[in-house]
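Novice: Here's a sequence, model it:
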Amino acid sequence: MSGKFYSDKSRIPRAHSAKSAPRRRLRGALVAIAVGAITLSAMVESYAQRGGFGMSRGGFGMSRGGGMNMPSTGMRLPGGEGARLPGGGGPRFPGGGGGVLMIPPGGFGPGGFRPGGRGPMVVYEDDDEGPRQRRVKRGEKKQKQQQAKQKQNRVAGRGGFNPPPRGEQRFVQDEVLLNVASGTSAPAIDAIARRHRLTRLDLQHFEMTQRSLARLRINDGRPVATVIRSLQADARILGAQPNYRYALQQAAASPPAGPTQYSLAKMQLPQAHAITTGGGTLVAVVDSMIDAGHPDLQGVVAAAFDATGTADKPHSHGTGIAGVIAAHGKLTGVAPAVRILAVRAFPGSGGEGNSMNVLKGLDWSGKQNAAIINMSFTGAPDEEVHVMLKSLRTHRAVLIAAAGNAGPASRPLYPAAYPEVIAVTATDIEDKLFKMANRGTHIAVAAPGVDLLAAAPNGGYQMATGTSFAAAQVSGVAALILDRNRKLDAAAVRRILMSTARDLGPSGHDDQFGSGLVDALGAITQAAPASSDVSDSAPAAPN
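Specialist: Numbers count the residues shown, from 1 in each chain. Below is the predicted model of the structure:
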């Protein structure tokens, strides 16, 4: 079959006779049927193969064993020998470039290859992807989004990463502490630090907790909280927190208005000393540097440890605390026969300590088997310090801390507010609460801590005030209790101190005085061992 096909109606040749008109109509019908069948077959096969219909710049067509090609050189019917439509050298389908010939309703009219016999033929361009492919891709995208969200939740849910609470400023502003796997080398820490724009300042392994901490400096001014959150995604880091600051709890004292050692009578210490003076009980004083050569402290310091690593000189706070506990010269300490472990975690200037140095001091105290650890300092909640204190408690250490001198409106201060610690507040000569003492239900007991005469560096003496010195009084009484009965654990010591205290203020336990003023005689009386164990607790004479 031969003939011409035009896409422009104005160029279709007119019939030359009446007889030619039926033939033309028959020929047009046959062409329409053939092309329709071919196109339908191509469309079905194309969708089955998911490749779409072939398309290229030359037009569109079909070549499946010599099939249709159009429109550049004409149309070939199946078999490759049929009539060609104009331009049949165009692209081929199925499986070509994504084009498809769409036959609109009305088919091919008698005027040529046109929708309904009118207007130019219409070619629709289909998408490169079918509906099924689009659904698959949407599903894959949704799955990836869900996986990303799950990963983000896993990172956010990793424990051990503790940014400072909102409004908290008691920490070193350009440092962060990293908890890393034990055995992590310094070069490995340096590699982690470089990745996070940090510089390693210190790396310490703690035996009591079996944890390793690295102290790093933030190099670019980012907030500590931002750095801690960014470290959460690094699997090599087990945890992170600020390097918190701690302050010694000493307040201004007044000139003495009465006996400078009124605490002896208040706690019935002369009577208690007739029974025990503390023996060789080890009391760790985590503080500033102690003047071990003071006449009242001769022979008291059993060992010393410096957590700061800097040159220093004795300080009034550490020396005064040690004297309240163990003085045996012009002054009489609460437990004059104890041995002191002098732990320097605070600078000699009386400035602030920090988490890293406090942790080093606590760890060393635990390794020295300290029976009692006195902590006359306060700070913010500190997870690494809390972990250390819980470990020390499992090793039977009695933990005692100053409640704080921040006043009645202050939030609880730490470490005193941890449940493993005995929190101590201060009273004066009239058994009134020190006006700047912290309050709270965590307060366990009270002890004299206002206008006390205490040892000072270079053989001197000072008037001292603060919950720091009240805590030292209770550390001394705890030493008397343990010397009286070495089988008691930390929980038993707390129970004895609270149950034998003399009630002050509102009846019963309250948030000002706790259970009341400590009574050394009542405590060691209740701590007395069974008669069969008396030989194990013989009192020791002071040095």
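Novice: Using the record's assignment, carve the chain into domains.
Specialist: 9-13+23-128, 171-244, 263-537 (automatic domain parsing).
Novice: Dump these to JSON lines, plus mean pLDDT.
Specialist: Below are the domains of the chain laid out as JSON lines (pLDDT from 0 to 100):
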{"stretch": "domain 9-13+23-128", "mean pLDDT": "49"}
{"stretch": "domain 171-244", "mean pLDDT": "96"}
{"stretch": "domain 263-537", "mean pLDDT": "95"}
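Novice: A strand includes residue 322, no?
Specialist: No. Using DSSP: H, G, I helix; E, B strand; the rest coil, the assignment for residue 322 is helix, not a strand.
Novice: which residue sits closest to it in space, ignoring its chain neighbours?
Specialist: residue 290 (4.7 Å; Cβ to Cβ, 6 or more residues apart in numbering). Yep, even glycine has a C-beta here, placed from its N, CA and C like the rest.
Novice: Could you verify my assumption that that neighbour touches residue 301?
Specialist: Yes. The criterion here is Cβ atoms under 8 Å, and residue 290 meets it with residue 301 at 6.4 Å.
Novice: In terms of neighbours, single out the busier of the two.
Specialist: residue 290 (28 against 19; other Cβ atoms under 10 Å).
Novice: Go ahead and list the helix or strand containing that one.
Specialist: Here residue 290 is covered by no helix or strand, with elements defined by DSSP states H and E.
Novice: just so I have it, where are all the helices in the stretch 401-543 of the chain?
Specialist: 467-484, 490-500, 520-527 (DSSP state H, counting those that start in this stretch).
Novice: Just put these in a markdown table and tack on mean neighbour count.
Specialist: Formatted as a markdown table, the helices of the stretch 401-543 of the chain follow (neighbours: other Cβ atoms under 10 Å):
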| stretch | mean neighbour count |
| --- | --- |
| helix 467-484 | 31 |
| helix 490-500 | 19 |
| helix 520-527 | 22 |
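Novice: Dump these into a markdown table; add distance to residue 297 as well.
Specialist: Formatted as a markdown table, the helices of the stretch 401-543 of the chain follow (distance: least, Cβ to Cβ, whole Å):
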| stretch | distance to residue 297 |
| --- | --- |
| helix 467-484 | 13 |
| helix 490-500 | 24 |
| helix 520-527 | 20 |
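Novice: longest strand of the protein?
Specialist: Longest strand of the chain, by residue count under DSSP state E: strand 237-248.
Novice: export that one as CSV, just CAs?
Specialist: Coordinates of each C-alpha in strand 237-248 appear next as CSV, following Å, rounded to 0.1, in the frame of the first residue of the first chain:
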residue,chain,number,x,y,z
ILE,A,237,33.1,8.5,73.7
LEU,A,238,31.1,6.9,76.6
GLY,A,239,30.0,10.1,78.2
ALA,A,240,30.8,13.8,78.7
GLN,A,241,30.1,16.5,81.3
PRO,A,242,31.4,19.9,82.4
ASN,A,243,34.4,20.3,84.6
TYR,A,244,32.5,21.7,87.6
ARG,A,245,33.9,24.2,90.1
TYR,A,246,33.8,23.6,93.8
ALA,A,247,34.2,26.2,96.7
LEU,A,248,35.4,25.8,100.2
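Novice: Quick one: list the elements packing against that strand.
Specialist: In this structure, strand 237-248 makes packing contacts with strand 171-180, helix 224-231, strand 353-354, helix 355-367, strand 377-378, helix 383-394, judged by 3 or more Cβ pairs under 8 Å, 6 or more residues apart in numbering; DSSP states H and E.
Novice: give me that answer again for 6 Å
Specialist: Packing partners of strand 237-248 (3 or more Cβ pairs under 6 Å, 6 or more residues apart in numbering; DSSP states H and E): strand 171-180, helix 224-231, strand 353-354, helix 355-367.
Novice: Tell me which of these sits nearest to residue 323.
Specialist: Among the helices and strands packed on strand 237-248, the nearest to residue 323 by Cβ to Cβ is helix 355-367 (19.2 Å).
Novice: so what secondary structure elements neighbour the next helix or strand along the chain from that closest one?
Specialist: For helix 355-367, the following helix or strand on the C-terminal side (DSSP H and E) is strand 372-375. The contact analysis (3+ Cβ pairs under 6 Å, 6+ apart) places strand 372-375 against strand 282-287, strand 398-402, helix 467-484.
Novice: Redo those as a markdown table? Include distance to residue 189.
Specialist: Shown next, in a markdown table, are those (distance: least, Cβ to Cβ, whole Å):
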| stretch | distance to residue 189 |
| --- | --- |
| strand 282-287 | 26 |
| strand 398-402 | 30 |
| helix 467-484 | 35 |
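Novice: who wins for proximity to residue 209 among these?
Specialist: Nearest to residue 209 among the helices and strands packed on strand 372-375 is strand 398-402 (14.5 Å), distances taken as Cβ to Cβ.
Novice: what does the closest one rub up against?
Specialist: 249, 372-376, 389, 415-416, 420-422, 467-468, 471, 474-475, 478, 490, 493 (Cβ atoms under 6 Å, 6 or more residues apart in numbering).
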